[in-house]
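Chemist: Kindly generate the corresponding structure for this input.
(2 chains)
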Protein chains: 2
Amino acid sequence: MSQNFAIRRLNASDQDFAQHLDHLLAWESVSDDSVNQRVLEIIAAVRSRGDAALVEFTQRFDGVDAQAMAELILPRERLELALTRITAEQRAALEQAAERVRSYHEKQKQDSWQYTEADGTVLGQQVTPLDRAGLYVPGGKAAYPSSVLMNAIPAKVAGVPEVVMVVPTPRGELNELVLAAACVAGVDRVFTIGGAQAVAALAYGTESVPRVDKIVGPGNIYVATAKRHVFGQVGIDMIAGPSEILVVCDGQTDPDWIAMDLFSQAEHDEDAQSILVSPDAAFLEQVAASIEKLLPSMERAEIIRTSLQGRGALIQVADMAQAIEVANRIAPEHLELSVANPEQYLAQIRHAGAIFMGRYTAEALGDYCAGPNHVLPTSGTARFSSPLGVYDFQKRSSIIHCSAHGASELGKVASVLARGESLTAHARSAEYRIND
Amino acid sequence: MSQNFAIRRLNASDQDFAQHLDHLLAWESVSDDSVNQRVLEIIAAVRSRGDAALVEFTQRFDGVDAQAMAELILPRERLELALTRITAEQRAALEQAAERVRSYHEKQKQDSWQYTEADGTVLGQQVTPLDRAGLYVPGGKAAYPSSVLMNAIPAKVAGVPEVVMVVPTPRGELNELVLAAACVAGVDRVFTIGGAQAVAALAYGTESVPRVDKIVGPGNIYVATAKRHVFGQVGIDMIAGPSEILVVCDGQTDPDWIAMDLFSQAEHDEDAQSILVSPDAAFLEQVAASIEKLLPSMERAEIIRTSLQGRGALIQVADMAQAIEVANRIAPEHLELSVANPEQYLAQIRHAGAIFMGRYTAEALGDYCAGPNHVLPTSGTARFSSPLGVYDFQKRSSIIHCSAHGASELGKVASVLARGESLTAHARSAEYRIND
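Modeler: This is a model prediction of the structure:
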């Protein structure tokens, strides 16, 4: 395989670099009309026929031989059973990861606040958890226990009383590690349903599936399209694109380590993107050689090769300043700063989902157990969005409590502005409270 | 007019109350196929032809006689001019409102944090502002200077270097109060474009309009549909439904005040919703009488009447506990607690955009100048979303900096979990850092 393989090389000082980079990064998730149409039909069916539609779709799409909704429900006890079916080493790893994720996310919790002004007027913000959150977990090959931890734990830390999980079980196959992770993370109920039908059930509720306030978790194009359609009826997390990593290296890290870090992203799927940036041209070639050398030994060699060939790149830059510029342009989901003294660059990083600092911080550590969330903004959306966090399961209510004097003074200002907008009921409502 | 008018009465102890309430609250914003089709065409045209498409659409939809994009740009100086064209009273009111809004929002600013673990591993979160925010301001009758303050000030408080505003000017008509508000709020540049074409320009950029990272602000169905379509390419704020107020009153507030508070919501548009809940049946009738009495004197009497008749209600409850239950079921955009000692109920309010406490705190005060934002979650979305705030213009990057020892310990956990997910590149990347 290796003789045909060459990862793309770019040089940031080339005139057409910006265009090449734009082209390399271009990604648009398009739900075509037929997907939209199918999804809208599924949503309508679940809304009108509830459980019956869920059972039908699950038979049809997942090849599950269920006759009634009761067969698609796993109680908390089943999750506890799963915990006894995995190895002791796996259980310990899940529990350690969960503990670290919980402890990091505790720091994200936001509290209510208030302050009182001189005239006695109180202003503030009340922070409360969602009542109920829904967690979508993909079935089959993409069923990741780590994702269960990363999605459910922030909800529980936020204080969400009920976390409901849906996970399809193609041909009835249950993943014990996923169920064990759900147990460790504190998931309250599991339904073995998936696809657009599961999203619709969580958004609108059925006889058996309770309506949730927000749906989080990754899924295929049907799931993503369904989430987009139910947005507004419920909250949703971001619509994730393919995963990506940008490694910035000063040329002093073991090239095998860097090659493997690039592989760890590329092995997710053919559309995943792994990019290395370095001011050291010789080092880029060493990494290319490591890639050639290590690739044949990888279990997912074909996926890695396709991903690196189609969307990977080794980018030479003039210096670290230019490397940081490229990083900010890409706004990567994962940014590895595999350099000496990475702290010196931190303040210059404007956009990144997560920043892995120093030669020891492999992205994989963050994927599983460092503590921060692995659900991160993809495809440049780190320009405006954040890792999944406790804040996604909390919401705020403004608090305004005017004193008589405060209302009188504010009433005068409000009256002028309301009349300027021709909203006279607003003005008169404020004027009633003026007391001169 | 009044002889035909009767606002709906409901009683929370009636058997079919839940159904009646569901029916009353039902609201679904539907972008029909033709709107979607038009919007997708407009977006495609702006992406491919940039400024030329913007000029064409602005001529066609806004009746503006512009020949080139340069005629659709207002520099900062034009905003400063507007400030001299409004009355001194208006300018003072705008500045007081802006000052209070700014000072409240300063409290929402989030800071970066880090902590160091025993083995030297550093974890944290870096908080940064967006690079550029786009603010949509509707033209014509819905051009509200207060909305300019409420959308632009949080962005500026967050530290967004550039805030770009778009506002259509139907038949060339500029609203000086809106431009003055933009000046006071610190808006950097204004384009006099609107509709789906303005949203597309902000999302993708044209020769003249810079691409932004997030688009906020209300608009008609074309604007809302366009925002939904560009979501992912840029961030968007929530898709707003019609405005609503829920007043909970113990029966001791002046019924004229309460009637006017209901009007202040109803006057926005025919779909706006005003609901009063009280355990005092006689008081509900007094408010109904105040409505009858005051309605003919209102400038927007027809809109108010249509709104109250179509979507308003007076709801009798058994007691305050039931009133709070109804409030949580509705999850209102605006909740007025026009009662004695409103603090006692605060902890029981689980869902509300903003809570106006006590008899003096008219919602109108919050709309203009109390300090908290008036962009609030509508149609029950307070179940999962928050007022617009500084946090909408900041984003977070996770920070992970493992010590050699930390990476070695975490590597063992990551290796077990990665192998459990059959992601061996992840496992091997982590294992390279194990140092036993």
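Chemist: Let me see the domain layout of chain A.
Modeler: With domains defined by the TED database, chain A comprises A:8-29+A:241-384, A:33-112+A:130-236, A:402-432.
Chemist: Buried deepest among these, which one?
Modeler: domain A:402-432 (a mean of 23; mean count of other CB atoms under 10 Å in any protein chain shown). Bear in mind the C-beta positions are built from the backbone N, C-alpha and C, glycine included.
Chemist: okay if I get the domains of chain A as CSV plus mean pLDDT?
Modeler: Formatted as CSV, these follow (pLDDT from 0 to 100):
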stretch, mean pLDDT
domain A:8-29+A:241-384, 96
domain A:33-112+A:130-236, 94
domain A:402-432, 95
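Chemist: List of residues touching the helix or strand hosting A:R38?
Modeler: Assigned by DSSP states H and E, A:R38 belongs to helix A:33-49. Applying CB atoms under 8 Å, 6 or more residues apart in numbering or on different chains, the contact partners of helix A:33-49 are A:31, A:53-54, A:56-57, A:195-197, A:199-201, A:203-204, A:206, A:221-222, A:225-226, A:229-230.
Chemist: looking at the domains of chain A, which is closest to B:P255?
Modeler: domain A:402-432 (11.3 Å; CB to CB).
Chemist: Need the distance between the two termini of the closest one.
Modeler: Start to finish, the residues bounding domain A:402-432 are 14 Å apart (CA to CA, to the nearest Å).
Chemist: Excluding chain neighbours, give the residue nearest to the residue sitting nearest the centre point of chain A in space.
Modeler: Central residue of chain A (CA atoms, centre = their mean): A:V375, 3.1 Å from the mean position. In space, and not counting its chain neighbours, A:V375 is closest to A:L388: 3.7 Å by CB to CB, 6 or more residues apart in numbering or on different chains.
Chemist: so who does A:A313 touch?
Modeler: A:7-10, A:24, A:275-276.
Chemist: Can you tell me which of those residues is closest to A:E80?
Modeler: Of all these, A:E80 sits closest to A:I275, with 42.8 Å by CB to CB.
Chemist: Can you list the strands that the strand or helix carrying the closest one pairs with?
Modeler: Element membership for A:I275 (DSSP H and E) is strand A:273-278. Paired strands of strand A:273-278, with direction, are strand A:244-249 (parallel), strand A:313-316 (parallel) (DSSP bridges).
Chemist: what does it rub up against?
Modeler: By CB under 8 Å, 6+ apart, the list of residues contacting strand A:273-278 reads A:12, A:24-25, A:242-251, A:258, A:262-263, A:265-266, A:284, A:287, A:307-308, A:311-317, A:323, A:326-327, A:330, A:332.
Chemist: what distance separates that strand from the centre of its chain?
Modeler: 21 Å (CA atoms, centre = their mean, to the nearest Å).
Chemist: what packs against the helix or strand that comes right after it?
Modeler: Remark: after strand A:273-278, the chain's next helix or strand is helix A:281-294, criterion DSSP H and E. Judged by 3 or more CB pairs under 8 Å, 6 or more residues apart in numbering or on different chains; DSSP states H and E, the packing partners of helix A:281-294 are helix A:255-266, strand A:273-278, strand A:313-316.
Chemist: Alpha carbons only: can I get the shortest one in PDB?
Modeler: C-alpha atoms of strand A:313-316 as PDB (Å, rounded to 0.1, in the frame of the first residue of the first chain):
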ATOM      1  CA  ALA A 313      -1.400  17.700   5.200                       C
ATOM      2  CA  LEU A 314       2.100  18.500   6.300                       C
ATOM      3  CA  ILE A 315       2.500  22.300   6.300                       C
ATOM      4  CA  GLN A 316       5.800  24.100   6.500                       C
END
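Chemist: and after it, which helix or strand comes next?
Modeler: Next along from strand A:313-316, by DSSP H and E: helix A:320-330.
Chemist: how about that following helix, does it reach chain B?
Modeler: No. Remark: helix A:320-330 sits outside contact range of chain B, by CB under 8 Å from any CB of the partner chain, the gap being at least 8.9 Å.
Chemist: Could you check the angle that helix makes with strand A:244-249?
Modeler: Inter-element angle recorded for helix A:320-330 and strand A:244-249: 170 degrees (by axes from the mean of the first three to the mean of the last three CA atoms, to 10 degrees).
Chemist: what is A:G134 paired to in the beta sheet?
Modeler: Beta-bridge partners, per DSSP bridges, of A:G134: A:V164, A:I215.
Chemist: Quick check: it touching A:K214?
Modeler: Yes. Counting by CB atoms under 8 Å, A:K214 is a contact partner of A:G134 at 6.9 Å.
Chemist: Report the set of residues contacting both of the two.
Modeler: Shared contacts of A:G134 and A:K214, counting by CB under 8 Å, 6+ apart, come down to A:V234.
Chemist: who in the stretch 151-300 of chain A is up against chain B?
Modeler: A:177, A:213-214, A:228, A:231-232, A:234-235, A:238-239, A:254, A:256-257, A:260-261, A:263-264, A:266-268, A:298-300.
Chemist: re the thing from before, mind saving the C-alpha coords of the strand holding A:I275 as PDB?
Modeler: Output in PDB follows, covering the C-alpha atoms of strand A:273-278 (Å, rounded to 0.1, in the frame of the first residue of the first chain):
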ATOM      1  CA  GLN A 273      -8.600  15.500   9.100                       C
ATOM      2  CA  SER A 274      -5.000  15.400  10.500                       C
ATOM      3  CA  ILE A 275      -2.600  18.300   9.800                       C
ATOM      4  CA  LEU A 276       0.900  18.900  11.000                       C
ATOM      5  CA  VAL A 277       2.500  22.300  11.000                       C
ATOM      6  CA  SER A 278       6.200  22.900  11.700                       C
END
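Chemist: which residues does A:F61 contact?
Modeler: A:168, A:194-195, A:197.
Chemist: residue in the stretch 1-150 of chain A nearest to chain B?
Modeler: A:A93 (3.9 Å; CB to the nearest CB).
Chemist: That residue - that's part of a helix, no?
Modeler: Yes. Judged by DSSP: H, G, I helix; E, B strand; the rest coil, A:A93 forms part of a helix.
Chemist: distance of it from B:R419?
Modeler: 10 Å (CB to CB, to the nearest Å).
Chemist: same check, this time on A:G195
Modeler: A:G195 is 28 Å from B:R419, by CB to CB.
Chemist: swap in A:A158?
Modeler: Distance from A:A158 to B:R419, by CB to CB: 31 Å.
Chemist: do A:R60 as well
Modeler: A:R60 is 34 Å from B:R419, by CB to CB.
Chemist: Tell me who's in contact with the residue nearest to A:V216 when sequence neighbours are not counted.
Modeler: Counting by CB to CB, 6+ apart, A:D237 is the residue found nearest to A:V216 once chain neighbours are left out, at 4.2 Å. Shown in contact with A:D237 (CB under 8 Å, 6+ apart): A:214-217, A:375, A:388, A:392.
Chemist: one more time with 7 Å, if that's ok
Modeler: A:216, A:388, A:392 (CB atoms under 7 Å, 6 or more residues apart in numbering or on different chains).
Chemist: Is the nearest residue to A:I324 once chain neighbours are set aside in a helix, a strand, or coil?
Modeler: Nearest residue to A:I324, sequence neighbours excluded (CB to CB, 6+ apart): A:Q348, at 4.9 Å. With three-state DSSP as the basis, A:Q348 sits in coil.
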